[in-house]
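Visitor: return atomic coordinates for the entry below.
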Amino acid sequence: MTQLLPRLPFVVNHHVDRRHYPHGVAFMDGQYLPMSEAKISVLDWGFLHSDATYDTVHVWNGRFFRLNLHLDRFLGGIERLRMNLPYDREEITSILKSCVALSGHKSAYVEMICTRGSSPTFSRDPRQAENRFMAFAVPFGSVANNEQLERGLHVAISETVRIPPKSIDPSIKNYHWLDLVKGLFDAYDMGAETALILDTDGHIAEGPGFNVFIVRDGSLTTPAFGVLPGITRRTVFDLCAEIGLSVAATDVSRAEIKQADEVFVTSTAGGIMPVTRIDEAKIANGKVGPITSRLMNFYWQKHDDPAWSTAVTYP
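Guide: Take a look at the predicted model:
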């Protein structure tokens with residue numbers, strides 16, 4: 001097992017004063033430190049080339065939600081990108097728990113990252129780079145605020161096309177966000193709050209950091225092609241299986257999403273979030289639908305289920 005070196009004073013004396021670390025705690029280069037001290041080199045390929053993978057998991061009421069699924073995706077991405085970590089799965093789990101525990105936050109947004117790093121000889125050969133792992137825990141933040149969760153989000157459909165899966169494997173969570181950012185600006189120009197962009201066939205793909213579902217005649221559908229297989233997206237499939245709702249991954253057209261009975265988006269940063277307006281069209285009657293509400297409530301109930309969550313031990 002790799003020895004993890006303490007940096008923060010409260011690691012030594014086992015006392016946490018949350019007032020000193022309101023912005024969270026990071027782990028870098030074998031040490032825990034305040035977020036303000038977490039920095040990477042401008043020569044890191046993660047910064048220069050977006051050559052990195054990451055995953056995010058949230059903590060709610062002092063419990064990680066579906067941590068093992070996030071670790072599976074993170075470690076799978078590292079393997080497919082031909083990166084190497086100095087820590088094994090058990091050590092990464094310990095690091096993530098320590099970041100949360102040391103921050104003192106009971107609701108947190110936790111990220112684990114592996115970048116290509118940089119080469120000591122400034123080689124342009126990625127095989128010569130020394131890969132770098134880091135993690136952090138910060139206060140929980142949602143894609144939608146409380147007011148938006150109550151009334152539903154206003155989403156605009158951008159003509160921007162998502163990076164095709166033949167270029168970038170969408171199952172590897174990555175920082176290639178320029179298409180998503182362009183979609184966001186398109187949405188803002190249309191007076192919306194966030195965006196959906198298209199796949200290469202002109203169907204609905206996903207939004208900046210979230211998947212999308214539609215409900216029609218009691219059945220759920222979500223885009224299948226070229227999207228990140230989100231953990232919250234998977235959770236919706238699992239919830240539907242428990243309560244007997246039909247759900248499928250397939251193509252979703254612009255016409256279908258605007259004619260849906262209900263629409264919602266899913267993300268680790270916010271869970272299940274309703275959409276009540278797309279472009280200028282109201283979804284159904286412009287109110288949060290019953291299936292969306294049912295899934296939202298069930299989703300948050302699962303956070304206390306030991307089969308779905310992992311407790312953090314705080315000092």
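Visitor: alpha carbons only for contacts and neighbour counts from here, please
Guide: Noted.
Visitor: so where's the protein uncertain?
Guide: Across the chain, the stretches falling below the confidence threshold (pLDDT under 70) are 1-20.
Visitor: how about the helices in it?
Guide: For the chain, the helices identified by DSSP state H occupy 9-13, 45-49, 67-80, 89-103, 146-151, 178-189, 231-243, 254-258, 290-301, in order along the chain.
Visitor: got the buried residues for the second one?
Guide: Judged by neighbour count (16 or more other C-alpha atoms under 10 Å), helix 45-49 contains these buried residues: Trp45, Gly46, Phe47.
Visitor: tell me who's in contact with the first one.
Guide: When contacts are counted by C-alpha atoms under 8 Å, 6 or more residues apart in numbering, Trp45 touches Asp51, Ala52, Thr115, Arg116, Gly117, Ser118.
Visitor: then the second one?
Guide: Gly46 sits next to Ala52, Thr115, Arg116, Gly117 when contact means C-alpha under 8 Å, 6+ apart.
Visitor: who's in contact with the closest residue to the first one other than its chain neighbours?
Guide: Across the structure, with C-alpha to C-alpha, 6 or more residues apart in numbering as the measure, the residue nearest Ala52 apart from its sequence neighbours is Thr115 (4.1 Å). Thr115 makes contact with Asp44, Trp45, Gly46, Asp51, Ala52, Thr53, Asn131, Arg132, Phe133 under the criterion C-alpha under 8 Å, 6+ apart.
Visitor: what do you get if the cut-off is 10 Å, keeping everything else the same?
Guide: Taking C-alpha atoms under 10 Å, 6 or more residues apart in numbering, we find Thr115 in contact with 40, 44-47, 49-54, 78, 83-85, 129-134.
Visitor: again with Asp199
Guide: Contact analysis of Asp199 by C-alpha under 10 Å, 6+ apart lists 159-165, 205-206, 223-227, 251.
Visitor: cool, Asp304 as well?
Guide: The contact partners of Asp304, by C-alpha under 10 Å, 6+ apart, come to Trp60, Asn61, Gly62, Arg63, Phe64, Phe65, Thr310, Ala311.
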